[in-house]
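>>> A structural model of the following input is requested.
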Amino acid sequence: MTGALETFLHEVKESLTMAIVSIRTNKLRSILTLLGIAVGVFSIIGVMTAMGVLISSIENGMTFLGANTFQVQKTSPMMTGDIKERLKMMNRKKITYEQALRVKESSTLAKAVGMFCYLNGSKVVVAEDGRKTNPSVSVSGRDIESFLANNWIIEEGRLFSQGEMNSGSYVAILGADVVKKLYPKSDPIGQTIRVDRRKFQVIGIVQSKGSVLGGGEESFVLIPLNTFFEIYGKDQEFSFKVQADAMAIDDCMEQVRGILRTARHVPPGAEDDFAIVSNDSLINQFNDFTKYLRLGIIIVSSISLLAAGVGIMNIMLVSVTERTREIGIRKAVGARKNNIMTQFVLEAVLVSEFGGIIGIILGILGGNVIALTMNVSPVIPYDWVLIGFITCSFVGIVFGVYPAWKAANLDPIESLRYE
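Numbering: from 1, shown residues only. From the prediction side, this is the model:
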């Protein structure tokens with residue numbers, strides 16, 4: 001048994017050595033062959049790496065709700081492409097201040113319920129020295145609990161006091177993007193800004209959490225809720241964020257759903273006329289929306305890899321024809337069919353794997369160019385790297401078997417006569 005194994009390993013080693021010698025001898029042919037594989041693998045790994053970078057960035061941005069936190073709002077942040085479904089959501093009645101307040105007062109399982117509302121249009125914020133932001137800043141009325149529910153940290157300055165909340169003081173807390181635009185080199189605390197020709201004193205800055213795809217989601221000015229009512233009125237569309245204990249998050253979600261359904265007079269058995277959004281639900285929705293895109297990319301890239309496999313077969317067939325006399329000599333000195341077949345299959349697999357390695361390396365580097373441009377962490381799709389190696393081996397074997405079989409079945413006498 002041991003002798004048979006040693007003989008087998010020796011034959012495989014000899015076939016592998018001859019395959020490597022053949023690849024090195026025919027450098028141009030080998031390079032052209034592995035180039036086709038490299039392009040196919042590069043297209044798959046490059047695209048999947050780029051998708052991984054985008055998905056990672058978006059998923060990190062989607063964790064803005066924080067741990068054990070969910071948000072309740074009128075519509076889902078990711079509406080489907082179904083026009084009827086979109087219109088149905090858009091036609092829902094807005095969540096009112098009274099409804100949000102009822103949830104805040106009645107939810108016994110919540111650690112914090114933060115109410116807030118936004119202006120429908122974006123605003124320009126102007127500093128005392130005339131420096132302006134882009135017309136993309138949101139102005140939001142907030143209660144104190146919304147900072148806890150958002151897991152916001154005041155990096156500099158302070159929160160609203162209860163007295164400022166009750167009296168509707170003209171004070172403001174800025175998001176990181178507004179600070180970068182208005183006060184790139186100075187301290188904004190104590191400075192005065194103007195929003196809609198009204199002056200606010202800056203009392204705090206919210207610590208940056210980063211944002212989806214590297215931009216824009218921290219461009220906001222937060223003011224006390226009563227101040228917002230005084231300026232813009234109370235008839236606004238409200239949302240609220242709820243923070244609960246980790247063990248009670250699902251129960252808290254159901255309790256809030258029940259309270260809000262009652263407040264909005266939703267009939268028993270009817271679907272919710274509001275959306276409850278959590279980090280997990282956002283990520284699941286995003287993955288559902290992109291799964292067909294990923295599938296399409298895989299199919300297109302697989303066609304490219306299939307074409308490369310056909311190229312391997314063609315070049316290996318040419319190689320068999322060119323080496324007919326060599327094969328005849330090997331058979332004449334005692335090489336069996338399986339020795340010839342093993343050599344040619346190994347040759348096809350080696351070329352395929354070399355091309356695969358080049359394609360994988362270039363694919364990871366090329367895909368992560370997006371990570372560099374967006375200033376996000378690079379991604380290595382280990383699952384696709386493994387799939388790439390397996391696929392290359394599969395392509396080498398499948399498209400190398402027929403040329404190997406043809407080589408193994410050449411008549412040794414006719415082969416020796418071949419010119």
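>>> who are the neighbours in contact with the nearest residue in space to residue 45 that is not next to it in sequence?
Spatially, and ignoring its direct neighbours in sequence, residue 45 is nearest to residue 363 (2.8 Å; Cβ to Cβ, 6 or more residues apart in numbering). Placement of C-beta: from N, CA and C, glycine included. Counting by Cβ atoms under 8 Å, 6 or more residues apart in numbering, residue 363 makes contact with 41-49, 388.
>>> For those, I'd like a selection string for ChimeraX - just the buried members, please.
Of those, the buried ones go into a single ChimeraX selection, burial set by 16 or more other Cβ atoms under 10 Å:
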select :41,42,43,44,45,46,47,48,49,388
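>>> moving C-terminal of the host helix or strand of residue 321, what's the next helix or strand?
Residue 321 belongs to helix 279-322 when assigned by DSSP states H and E. Following helix 279-322 in sequence order, the next helix or strand is helix 324-332 (DSSP H and E).
>>> Help me confirm that residue 399 comes into contact with residue 307.
No - using Cβ atoms under 8 Å as the test, residue 399 is too far from residue 307 to be in contact (10.8 Å).
>>> between these two, who's got more neighbours?
residue 399 (25 against 12; other Cβ atoms under 10 Å).
>>> So for the more buried one, what pLDDT did the model give?
We have a pLDDT of 75 for residue 399.
>>> With residue 357 instead?
At residue 357, pLDDT is 87.
>>> how big is the angle separating the helix or strand containing it from helix 324-332?
Using DSSP H and E, residue 357 sits in helix 337-367. Counting by axes from the mean of the first three to the mean of the last three Cα atoms, to 10 degrees, helix 337-367 lies at 130 degrees to helix 324-332.
>>> Show me what counts as buried in helix 337-367.
339-360, 362-364, 366-367.
>>> For the stretch 151-300 of the chain, give me the ranges with low pLDDT.
210-217, 279-290 (pLDDT under 70).
>>> give me that answer again for 80
151, 209-217, 246-247, 277-300 (pLDDT under 80).
>>> Where do the helices of it begin and end?
For the stretch 151-300 of the chain, the helices defined by DSSP state H, counting those that start in this stretch occupy 162-167, 176-182, 225-232, 249-263, 279-322.
>>> Tabulate those in TSV, adding columns for distance to residue 145.
TSV is the format used below for those (distance: least, Cβ to Cβ, whole Å):
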stretch	distance to residue 145
helix 162-167	10
helix 176-182	22
helix 225-232	10
helix 249-263	14
helix 279-322	19
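>>> so which of these comes closest to residue 35?
For residue 35, the closest of the helices of the stretch 151-300 of the chain is helix 279-322, at 8.6 Å, according to Cβ to Cβ.
>>> coming back round to it: tell me which of the helices of the stretch 151-300 of the chain approaches residue 91 most closely.
Nearest to residue 91, of the helices of the stretch 151-300 of the chain and by Cβ to Cβ, is helix 249-263 at 17.8 Å.
>>> Tell me the gap between that closest one and the middle of its chain.
Chain-centre distance of helix 249-263: 31 Å, with Cα atoms, centre = their mean, to the nearest Å.
>>> Dump that helix to CSV, keeping only the CA atoms.
Extracted C-alpha coordinates of helix 249-263, given in CSV (Å, rounded to 0.1, in the frame of the first residue of the first chain):
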residue,chain,number,x,y,z
ILE,A,249,-35.9,45.9,22.5
ASP,A,250,-38.5,43.6,20.8
ASP,A,251,-41.0,44.0,23.5
CYS,A,252,-40.5,47.8,23.6
MET,A,253,-41.0,47.9,19.8
GLU,A,254,-44.3,46.0,20.1
GLN,A,255,-45.4,48.3,22.9
VAL,A,256,-44.7,51.4,20.9
ARG,A,257,-46.4,49.9,17.9
GLY,A,258,-49.5,49.3,19.9
ILE,A,259,-49.6,52.7,21.5
LEU,A,260,-49.2,54.5,18.2
ARG,A,261,-51.8,52.3,16.4
THR,A,262,-54.2,53.3,19.1
ALA,A,263,-53.3,57.0,18.9
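>>> Can you verify my assumption that residue 178 contacts residue 220?
Yes - with contacts counted by Cβ under 8 Å, residue 178 reaches residue 220, the gap being 6.9 Å.
>>> Comparing these two, which residue is more hemmed in?
Comparing residue 178 with residue 220 by other Cβ under 10 Å, the one with more neighbours is residue 178, at 27 against 23.
>>> so what's the more buried one up against?
With Cβ under 8 Å, 6+ apart, residue 178 has these contacts: 125, 133, 137, 218-221.
>>> remind me which residues of the stretch 1-150 of the chain are low pLDDT?
1-37, 39-40, 43-44, 47-48, 50-68, 76-90, 119-122, 124, 149-150.
>>> Quick one: the strands in it, in order.
69-73, 110-118, 125-127, 138-142 (DSSP state E, counting those that start in this stretch).
>>> helices or strands up against the second one?
Here strand 110-118 touches helix 97-106, strand 138-142, helix 145-149, helix 225-232, strand 238-244, helix 249-263, going by 3 or more Cβ pairs under 8 Å, 6 or more residues apart in numbering; DSSP states H and E.
>>> how about 7 Å then?
Applying 3 or more Cβ pairs under 7 Å, 6 or more residues apart in numbering; DSSP states H and E, we find strand 110-118 packed against helix 97-106, strand 138-142, helix 145-149, strand 238-244.
>>> Show me what the last one is packed against.
Where contact means 3+ Cβ pairs under 7 Å, 6+ apart, strand 238-244 is packed against strand 69-73, helix 97-106, strand 110-118, helix 145-149, helix 249-263.
>>> Can you convert those into CSV and add a column each for distance to residue 271 and mean neighbour count?
Below are the helices and strands packed on strand 238-244 laid out as CSV (distance: least, Cβ to Cβ, whole Å; neighbours: other Cβ atoms under 10 Å):
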stretch, distance to residue 271, mean neighbour count
strand 69-73, 15, 22
helix 97-106, 17, 17
strand 110-118, 23, 22
helix 145-149, 25, 21
helix 249-263, 10, 17
